[in-house]
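1. Sequence and predicted structure are below.
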Amino acid sequence: MPYIVAHRGYKARYPENTLAAFKAAIASGAHAIECDVQFSRDRVPVIIHDVDLSRTTECQGRVFDLESRDLITIAADNEFACERSADVNIPLLSELLNLLPQYPEIEFFIEIKAESLDYFGRDAVMEKMEAMLQPFKAQCIIISYEIQALEHVRQHSSLRIGWVLHQYNDLYYQMAMKLKPDYLICNHTKLLRDQAPWQGPWHWMLYEINDAPLAEYWINSGIDYIETASVTDLRQCTLFSPSPLMGEKE
C-alpha cells in the first residue's frame, strides 16, 4: 500500500524543517519525513532548505557564514505565530538522528542540497553524511538532485538513495536506468497524465500533493510514496497504509 511523506515535516501547520514539524507530521499519520540539509561554516549538517536565512527566519545572511552553535539559536518560524521553543529553532541533523529510536517505523528522506555540495565540495560533504547516516541505514535514505553525490553514496556506503529529477524525459530515464536508485522523486506536474510512470528497480515518490483526490489518482497510477505539506488532508484518502503512530502525543 502507498505511504504519506511529510515534505519538510507538517509544513502547512508548523515551521518547516523543524523538530516541531517532524513530530507533528508523525503524530498526524505520516509514514515518512523528508527534510533538507545544508552545512554551517564549521561544516556541521543543519536542517534547513535555503542557504539564505531570510525566508524562514527573522535573520539575514547565509547558513554558510554562521557557526552551528549560532544557527541552532535561530527560530525558523518566520511564517508562523507559534510559541518559541527549541523545537522551532533550526535543528542540527544530529538532533533529528537522536530522535530516530523513538520512531523505528518511520523512514527519513534526507536531501543533500546542491549549494552545500558546491560550496564545501562534494566528496567532503558526502563523506560526512555517509558516516553520520550509515548507523541509521534502516530508516534513512539520502536523496539529491545531484547524481554524482548519489553515485558517491553507492560507492562508499550501503545506504539507500533517491534521485530527485530535474526533468522527466528520455535522457533522464536512461540516467535512472544506469544509476538504479532505490527511489525516483519528481514534481507530479512533470509526469504525463496519460502514461504510466517509468518502470524500473525503484519506488516512485511524487511531490507536492496536498489533496486526497489528486493523491488517489497518482496512487492508482502506480505511485508508492506521496509527498505532502498537509498530512491530515491526505489522510482523507483511504488508499494509504495505516499509520503506525497516528494519534500519539505531538
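-> Nice, I can see it.

2. what's the helix or strand for the residue most central in space within the chain?
-> Nearest to the geometric centre of the chain sits Glu34, at 2.1 Å (C-alpha atoms, centre = their mean). In this structure, Glu34 sits in strand 32-39 according to DSSP states H and E.

3. What ranges does this structure have for its strands?
-> 3-7, 32-39, 45-47, 107-112, 140-144, 160-164, 183-187, 203-207, 225-228 (DSSP state E).

4. Tell me the pLDDT of the residue nearest to the centre of the chain.
-> With respect to pLDDT, Glu34 scores 98.

5. mind checking how far stretch 217-224 is from the chain centre?
-> Chain-centre distance of stretch 217-224: 20 Å, with C-alpha atoms, centre = their mean, to the nearest Å.

6. same check, this time on stretch 10-24
-> 12 Å.

7. Please apply the same query to stretch 151-168.
-> Centre to centre, stretch against its chain (C-alpha atoms, centre = their mean), the figure for stretch 151-168 is 14 Å.

8. mind listing what's buried in it?
-> 152-153, 157, 159-165, 168 (16 or more other C-beta atoms under 10 Å). (C-beta placed from N, C-alpha, C; glycine too.)

9. and if you look at stretch 47-60?
-> Buried residues in stretch 47-60 (16+ other C-beta under 10 Å): 47-51, 53, 56-57, 59.

10. which residues touch it?
-> Applying C-beta atoms under 8 Å, 6 or more residues apart in numbering, the contact partners of stretch 47-60 are 8, 15-18, 35-38, 61-64, 71, 74-79, 90-93, 96, 113, 115-116.

11. if you set the cut-off to 6 Å instead, what comes out?
-> With contacts defined as C-beta atoms under 6 Å, 6 or more residues apart in numbering, stretch 47-60 is touched by 17, 35-36, 38, 61-63, 74, 76, 78, 90-91, 93, 115.

12. Determine the longest helix present in this structure.
-> helix 122-133 (DSSP state H).

13. just to revisit the earlier point, list the contacts of the residue nearest to the centre of the chain.
-> Glu34 makes contact with 5, 7, 109, 227, according to C-beta under 6 Å, 6+ apart.

14. Is it possible to get the residues you listed out as a markdown table so that each row also shows pLDDT, neighbour count and distance to Ser243?
-> Compiled in a markdown table, these are given as follows (pLDDT from 0 to 100; neighbours: other C-beta atoms under 10 Å; distance: C-beta to C-beta, whole Å):
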| residue | pLDDT | neighbour count | distance to Ser243 |
| --- | --- | --- | --- |
| Val5 | 98 | 28 | 12 |
| His7 | 98 | 28 | 16 |
| Phe109 | 98 | 24 | 17 |
| Glu227 | 98 | 27 | 16 |
